[in-house]
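S.K.: Got a predicted structure plus its sequence, pasted below:
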Amino acid sequence: MKTILVDPFPREMKLIFTSEKLQLLKKNYQLINVPNKNKKKFYEQNIAKADFIIGQPDLPSTLLEKAKKLKAIFNVESNFMDNMDYEYCFSNNIYVLSTAPVFAQTVAEIAVGFTFSLKRDIHQAHLDFIQGKEKYGLEGNKSSSLLKNNRIGFIGYGDLAKNLHPLLKPYTNNYLVYDPWLSEKQLREWGTVPSSLIKIFKECDVIYVLASITTKNQNMIDYKLLNLMKKNACLLILSRASVINFDDLIKAIRKKNIKVATDVFPEEPVKKNDPIRKEKNILLSAHRAGALTEVFYEMGEIVFEDLQLISRGLPPRLCRRAELETVRSLRSKPVDVN
């Protein structure tokens, strides 16, 4: 029987796997739970037993060298982080896998909701009503506009953008993309136009920030870019907060007539006295876009299926594989809550 070291923090196995699937796991594999304390010592003593790891622990080469049986590491936090020796894993045929694809559809759906709320001021109209300041008819729509025929900008065109794009097609066919990790040929085949950041911020009516955080794009979106945005243009932040300079974002919201929605923040949980809580023209969401019970169970499904495939000597098919050429540049921080 193959052995799995179980270390999904901050996730829990009961969050990821249905009770039926968890029973199947226990039936087919020996599960060893990793304690939250003294993890380094635990791994030093037990990693040699592991055929698989469910989790994203710190794994330097000195530790991986003891893992002679290790076949795959399933990162259920979902973002590849700079905490293990990827080169050693690739050189020794250890799959490093992420469950990130399961979040693409759910985040894409809420992105559409955010878009309509910004375009039509739905959240602000609701707040005005609660405060007894509601405005009826045309008076309540002075800064509202249609999504129809808008020019859309995607910053990053990975799984999330590929799920969001079709949901927007009934409204517009005008898409600009900035993604230096993809070829222009690919982007054109997907019905988009390769573009620069400057062109996107100058010309787009709605801009989606969907890029992973890397060594090259931290604070990439600054006041210089934000200041280019058109009046009442919308900016939606749905990937990682570090791509944007949030101090500059607040400055731009105050000085420009732009609308913003964000599901992510530089520090989470957001402090009670954080100035962003008092800003107008911003829709705030507590990093909840992807967090649905059914989505976490889907995460468990793809982990289980790929476990089965690898156990039979076949390659994984559902989880995303780390690529050495790109994973070196990723700099995501782990989430603290589910």
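M.R.: Perfect, thanks for sending it.

S.K.: Run the chain-centre distance for the helix or strand of the chain with the lowest mean pLDDT.
M.R.: Within the chain, no helix or strand scores below helix 324-327, which has a mean of 84 by mean pLDDT, DSSP states H and E. Put simply, helix 324-327 sits 17 Å off its chain's centre (Cα atoms, centre = their mean, to the nearest Å).

S.K.: buried set for it?
M.R.: Across helix 324-327, burial judged by 16 or more other Cβ atoms under 10 Å covers Val327. Heads up, the C-betas are built off the backbone N, CA and C, glycines and all.

S.K.: what does it rub up against?
M.R.: With Cβ atoms under 8 Å, 6 or more residues apart in numbering as the test, helix 324-327 has contacts from Phe80, Tyr86, Glu87, Phe90, Val96, Trp181.

S.K.: Redo the residues you listed as a markdown table? Include secondary structure and distance to Pro275.
M.R.: Conversion of the contacts of helix 324-327 to a markdown table gives the following (DSSP: H, G, I helix; E, B strand; the rest coil; distance: Cβ to Cβ, whole Å):
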| residue | secondary structure | distance to Pro275 |
| --- | --- | --- |
| Phe80 | coil | 32 |
| Tyr86 | helix | 38 |
| Glu87 | helix | 42 |
| Phe90 | helix | 44 |
| Val96 | strand | 39 |
| Trp181 | coil | 33 |
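
S.K.: Asp159 - how many residues pack around it?
M.R.: 18 (other Cβ atoms under 10 Å).

S.K.: secondary structure element for Asp306?
M.R.: Assessed by DSSP states H and E, Asp306 sits inside helix 293-311.

S.K.: Ends of stretch 248-262, what's the gap?
M.R.: Across stretch 248-262, the terminal residues are separated by 14 Å (Cα to Cα, to the nearest Å).

S.K.: An error on my part: the question was meant for stretch 145-157.
M.R.: End-to-end distance (Cα to Cα), stretch 145-157: 26 Å.

S.K.: List the buried residues for it?
M.R.: Within stretch 145-157, the residues that count as buried by 16+ other Cβ under 10 Å are Leu147, Asn150, Arg151, Ile152, Gly153, Phe154, Ile155, Gly156, Tyr157.

S.K.: likewise stretch 204-216?
M.R.: So, applying 16+ other Cβ under 10 Å, buried residues of stretch 204-216: Cys204, Asp205, Val206, Ile207, Tyr208, Val209, Leu210, Ala211, Ser212, Ile213, Thr214.

S.K.: With stretch 220-240 instead?
M.R.: 220-221, 223, 225-226, 228-229, 232-240.

S.K.: I'd like the average pLDDT over that stretch.
M.R.: For stretch 220-240, mean pLDDT is 96.

S.K.: Who are the packing partners of the helix holding Asp306?
M.R.: For helix 293-311, the elements it packs on are helix 13-16, helix 19-28, strand 52-55, strand 72-75, judged by 3 or more Cβ pairs under 8 Å, 6 or more residues apart in numbering; DSSP states H and E.

S.K.: What pairs with the third one, parallel or antiparallel?
M.R.: Applying DSSP bridges to the sheet, strand 52-55 is found paired with strand 2-7 (parallel), strand 72-75 (parallel).

S.K.: The longest one: how far from the chain's middle?
M.R.: What that stands for is strand 2-7. The mean C-alpha position of strand 2-7 is separated from the chain mean by 26 Å, Cα atoms, centre = their mean.

S.K.: Please renumber the chain so that the first residue is 38 from this point on.
M.R.: Got it, the first residue is 38 from now on, which makes the last one we talked about strand 39-44.

S.K.: between that strand and helix 56-65, how big is the angle?
M.R.: 130 degrees (axes from the mean of the first three to the mean of the last three Cα atoms, to 10 degrees).

S.K.: what's strand 39-44 in contact with?
M.R.: Contacts of strand 39-44 (Cβ under 8 Å, 6+ apart): 50, 62, 65-71, 76, 80, 83-84, 86-94, 106, 344, 348.

S.K.: out of these, which are buried?
M.R.: Members of those classed as buried by 16+ other Cβ under 10 Å are 50, 62, 66, 71, 80, 84, 86-94, 344.

S.K.: I'd like to know which of the residues you listed is nearest to Lys317.
M.R.: Distance to Lys317 across the buried ones among the contacts of strand 39-44 (Cβ to Cβ) is lowest for Gln93, with 38.0 Å.

S.K.: Check whether that closest one really touches Asn112, as I assumed.
M.R.: Yes. If you go by Cβ atoms under 8 Å, Gln93 and Asn112 touch, sitting 4.4 Å apart.

S.K.: residues shared between the contacts of those two?
M.R.: Met118.
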